[in-house]
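**Student:** Build me a structure from this.
(chains A and B)
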There are 2 protein chains.
Amino acid sequence: MTELAGLDTPSLLLERAKLETNAKRLSSHIAALGTRLRLHVKTAKCVEVTRVVLGEAGGPIAVSTLKEAEVFAQHGYRDILYAVCIAPNKFVRAIALAQRGLRLSVVLDSIESARSLAQALRGARAAVQVLIEIDSDGHRAGLAADDPRLLEVAAELARGGAAVSGVMTHAGDSYNCRSTDAIREIARRERDAAVHAATRLRDAGHPASVVSVGSTPTATFIDDLEGVTEVRAGVFVFFDLVMAGIGVCAVDDIAISVLATVTGHQRDKGWAITDAGWMALSRDRGTARQPLDQGYGVVCDAAGRPIPDLIVSEVSQEHGIVTHRSGDPCRLPELPVGSLLRILPNHACATAAQYDCYRVLGGGGRVEATWNRFSGW
Amino acid sequence: MTELAGLDTPSLLLERAKLETNAKRLSSHIAALGTRLRLHVKTAKCVEVTRVVLGEAGGPIAVSTLKEAEVFAQHGYRDILYAVCIAPNKFVRAIALAQRGLRLSVVLDSIESARSLAQALRGARAAVQVLIEIDSDGHRAGLAADDPRLLEVAAELARGGAAVSGVMTHAGDSYNCRSTDAIREIARRERDAAVHAATRLRDAGHPASVVSVGSTPTATFIDDLEGVTEVRAGVFVFFDLVMAGIGVCAVDDIAISVLATVTGHQRDKGWAITDAGWMALSRDRGTARQPLDQGYGVVCDAAGRPIPDLIVSEVSQEHGIVTHRSGDPCRLPELPVGSLLRILPNHACATAAQYDCYRVLGGGGRVEATWNRFSGW
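**Tutor:** Below you'll find the predicted structure:
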């Protein structure tokens, strides 16, 4: 067990107790609504974090890259949804995964892709589940639930010998909500769009048994999952300032932070300068559009307690500029050179992606483990 | 040799010929002004790129992390400036590097740091060069050239037995210029501040032989380096849209791009969707403040030719939304699912940081090598 002061800075810290609480809260909520969680592993990209959420027995996961699928398959995960419309140049790797005997699901939203995938699957001697992406909020890929092309895509798959297994949608626009009522409204639309699309497919004779929805905000506030077979969510394992800003979590629930050291000051400007710049925090400014702009992150003391109104207001590659939110130089607290600080991230997925491991804090704030994470495609 | 179509997407491409031209142009300019280039390796973090710039014999480098210093020391680089004010918890690693016999220079800007570093160096049986950071443009760390504390810091070092070797400054504010005249003006201020600070130190009896200045914009447009002993620059090896936006390079000089595949469309909105989201491009929006906002990057065809007015206008983790700059759906060109595109980055340092290797393109646009890069601290 290492003390924080024994770590190099910047380092990425993970509080195990908060991770466990976050995992249990959402899993229980989804279970209480009578469906199951498909954990999105794109946030943590870490086998140990996934074990905390799903237990040793594992469970269904969603991935954002085939690399994630390959790594988790190696670790025994057998039910994997690659939740991004698949490009044709990824068919070979996807089929190779399916040939290892796992239940791999892929996603598409066009007749072109349906045709080329069905062709690739012929003679592949491996089953791949195919879901059609539904656009429930206009923010990304997918067909509208009532789009005539939905049935054409399914028919194209069927013609090629690849039945459509169901639908998936992601209400990513929930990240831009300003109230829990607005999130709940989007969550209902997400559910309704997916259920409606699946019903249309079934009415046309397609199997379409899978109805997959989800985002951390909608998963948190949805109150009825009738017709939904699984809920995908990822960022809830760590949470972040964007989630806190829309009321999905409290700032105190955020499980990761960046450990930084004060390297100097510009006292006339009210700046403390740290060794955590954008390389350590990411360039994500997700709170910029929220009522409370948190700059590049909320500054905490070494014990993880937010220092009132202290934020990272500017960054360069390896410098973070810490100021009072008001900019008033007199309100910068005493932070001698060498002081350890912890920065809460705007966006957990983006900040964690800058690191190759988590330093896991147990009871008493000591580092009790190092969990590797991976990156790339 | 691989064709582009044989690469997974997203991948990071590097055009060797452009790298060589970029390297030669700046190196020649600095040499013609009678001083030497200290290559900043933080952009590429790649030994092969450094060899292209400095040749097999190597040369002086600047680093932004001790990890860079350690990796490049392993590869034979013997003159390394860690160009960020050093935090006390990094003294042990820095001294360990110096004990390997290389010329390591570190930077500080406070009496506190001078005192603690001098103490750490006592009995270290290794020489570490110490530079004082000068603030020439108010954008980051450092003491103003006429700050009384400059002499106090030098005196504190001397009292502790660690002479001050010189000064360094970085006019990072040059990134925000709107004209080459403005950059040249900042370049002169950068030079004058460093030379003035070094003169003050020498007049007070300190050695202060090193006068280190630089940023890619100021290094490109400075016309007189009288009194300067070295110029640091990094991003010029690749260039990027931010540099093109301030006239430091042409868009055609940009040596790196992200290879992406079209995965689908929202034709009524004029969107083509690719597999290069912010994980592949970074969240850097450096052109947002420039007259021509390039979104998350300029879209080129597979041969690297920009497609007129096509940009990545929005991203999520693994999705890029490509649109015509006008947003007019009728002006989106035909880009069938599976099409390969290349995206020029806003900020080369940030985009390259998302990858573990460069796919190096030689003559005929074929992939002739894979060069590894590293990350972390």
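
**Student:** quick one: average confidence on the longest helix along chain A?
**Tutor:** Secondary structure of chain A per DSSP state H: the longest helix is helix A:180-203. If you average the pLDDT over helix A:180-203, you get 97.

**Student:** Buried residues of the helix or strand just after that helix, list them for me.
**Tutor:** Along the chain past helix A:180-203, the next helix or strand (assigned with DSSP states H and E) turns out to be strand A:210-213. Going by neighbour count (16 or more other C-beta atoms under 10 Å in any protein chain shown), the buried part of strand A:210-213 is A:210-213. To be clear about C-beta, it is placed using only N, CA and C from the backbone, and glycine gets the same treatment.

**Student:** same thing with stretch A:164-180?
**Tutor:** Buried residues in stretch A:164-180 (16+ other C-beta under 10 Å): A:164-177.

**Student:** cool, and stretch A:284-304?
**Tutor:** Neighbour counts over stretch A:284-304 (16+ other C-beta under 10 Å) mark A:284-287, A:290, A:293-300, A:304 as buried.

**Student:** now stretch A:14-33
**Tutor:** Result for stretch A:14-33 [16+ other C-beta under 10 Å]: buried residues A:14-16, A:18-19, A:22-23, A:26-27, A:29-30, A:33.

**Student:** Pick the one among these closest to chain B.
**Tutor:** Looking at the buried residues of stretch A:14-33 and their distance to chain B, the nearest is residue A:14, at 16.5 Å (C-beta to the nearest C-beta).

**Student:** Just the pLDDT at the nearest residue to the closest one once chain neighbours are set aside, thanks.
**Tutor:** In space, and not counting its chain neighbours, residue A:14 is closest to residue A:358: 4.1 Å by C-beta to C-beta, 6 or more residues apart in numbering or on different chains. Residue A:358 is assigned 98 on the pLDDT scale.

**Student:** Residue A:126 now?
**Tutor:** Residue A:126 is given a pLDDT of 88.

**Student:** where along chain A do the helices fall?
**Tutor:** Assigned by DSSP H, the helices in chain A fall at A:16-32, A:47-54, A:66-74, A:91-98, A:111-121, A:149-159, A:180-203, A:216-221, A:241-245, A:278-281, A:348-352.

**Student:** What number of neighbouring residues does residue A:149 come out with?
**Tutor:** Look at residue A:149: counted by other C-beta atoms under 10 Å in any protein chain shown, it has 15 neighbours.

**Student:** The residue nearest to it when sequence neighbours are not counted: what's it in contact with?
**Tutor:** Among residues not flanking residue A:149 along the chain, residue A:143 sits closest, at 5.5 Å (C-beta to C-beta, 6+ apart). Applying C-beta atoms under 8 Å, 6 or more residues apart in numbering or on different chains to residue A:143 gives the contacts A:109, A:132-135, A:149-150, A:153, A:197.

**Student:** Tell me which of the buried residues of stretch A:284-304 fall in strands.
**Tutor:** Per DSSP state E, strands hold the following members of those: A:298-300.

**Student:** neighbours around the residue nearest to residue A:295 when sequence neighbours are not counted, how many?
**Tutor:** Closest residue in space to residue A:295, ignoring its immediate chain neighbours: residue A:311 at 4.1 Å, by C-beta to C-beta, 6+ apart. Residues near residue A:311, counting by other C-beta under 10 Å, number 25.

**Student:** picking that back up, quickly list what the residue nearest to residue A:14 is bridged to.
**Tutor:** In this entry, residue A:358 is beta-bridged to residue A:371, by DSSP bridges.

**Student:** residues in contact with residue A:64?
**Tutor:** A:40, A:42, A:82-84, B:279, B:317-318.

**Student:** hmm, back to that, of the contacts of residue A:143, buried ones?
**Tutor:** A:109, A:132-135, A:150, A:153, A:197.

**Student:** filter the residues you listed down to the ones close to chain B.
**Tutor:** A:109, A:135 (C-beta under 8 Å from any C-beta of the partner chain).

**Student:** you'd agree residue A:242 is up against residue A:285?
**Tutor:** No: with contact defined as C-beta atoms under 8 Å, residue A:242 and residue A:285 do not form a contacting pair (9.8 Å).

**Student:** Can you pull the residues that touch both of those two?
**Tutor:** Joint contacts of residue A:242 and residue A:285 (C-beta under 8 Å, 6+ apart) are residue A:346.

**Student:** if we can go back for a sec, list just the nearest of the buried residues of stretch A:284-304 to residue A:206.
**Tutor:** For the buried residues of stretch A:284-304, the residue nearest residue A:206 by C-beta to C-beta is residue A:286; the value is 37.7 Å.

**Student:** Just the pLDDT for the closest one.
**Tutor:** 96.

**Student:** residues contacting it?
**Tutor:** A:175, A:240-242, A:346-347.

**Student:** Out of these, who's the most crowded?
**Tutor:** Neighbour-wise, the contacts of residue A:286 (other C-beta under 10 Å) top out at residue A:240, 32 neighbours.

**Student:** Please report phi then psi for that one.
**Tutor:** Dihedral pair for residue A:240: phi -170, psi -180, per degrees, to the nearest 10.

**Student:** low-scoring stretches of the stretch 101-250 of chain A, by residue?
**Tutor:** Within the stretch 101-250 of chain A, no range satisfies pLDDT under 70.

**Student:** switch the cut-off to 90
**Tutor:** A:123-126, A:172-174, A:176-178 (pLDDT under 90).

**Student:** How about the one residue in it that gets nearest to chain B: what's its closest non-neighbour residue?
**Tutor:** Closest contact between the stretch 101-250 of chain A and chain B, by C-beta to the nearest C-beta, is at residue A:112 (4.5 Å). Counting by C-beta to C-beta, 6+ apart, residue A:112 lies nearest to residue B:337, which is 4.5 Å off, once chain neighbours are set aside.

**Student:** was I right about that neighbour contacting residue A:114?
**Tutor:** No: using C-beta under 8 Å, residue B:337 is not in contact with residue A:114, being 10.1 Å away.

**Student:** Residue A:63 is in contact with residue A:77, isn't it?
**Tutor:** No: the pair residue A:63 / residue A:77 is not scored as a contact, 9.2 Å apart, by C-beta under 8 Å.

**Student:** Please say which of these two ends up with more neighbours.
**Tutor:** A side-by-side neighbour count of residue A:63 and residue A:77, using other C-beta under 10 Å, places residue A:63 first with 26 against 23.

**Student:** separation between the closest residue to that one other than its chain neighbours and residue A:114?
**Tutor:** Nearest residue to residue A:63, sequence neighbours excluded (C-beta to C-beta, 6+ apart): residue A:69, at 4.8 Å. Distance check for residue A:69 against residue A:114: by C-beta to C-beta, to the nearest Å, it reads 21 Å.

**Student:** Quickly list the domain ranges of chain A.
**Tutor:** A:4-11+A:255-372, A:33-237 (automatic domain parsing).

**Student:** Run through the bridge partners of the residue nearest to residue A:295.
**Tutor:** residue A:298, residue A:323.

**Student:** what sits against it?
**Tutor:** A:294-299, A:322-323, A:325.

**Student:** got a pLDDT number for it?
**Tutor:** pLDDT at residue A:311 comes out at 98.

**Student:** So which residues on the stretch 151-300 of chain A come close to chain B?
**Tutor:** The stretch 151-300 of chain A has residues A:172, A:261-266, A:273, A:275, A:278-280, A:282-285 near chain B, with proximity defined as C-beta under 8 Å from any C-beta.

**Student:** re earlier: which stretch among the helices of chain A comes nearest residue B:5?
**Tutor:** With C-beta to C-beta as the yardstick, what comes closest out of these is helix A:91-98 (12.3 Å).

**Student:** Can you name every helix or strand that that closest one contacts?
**Tutor:** helix A:66-74, strand A:103-108, helix A:111-121 (3 or more C-beta pairs under 8 Å, 6 or more residues apart in numbering or on different chains; DSSP states H and E).
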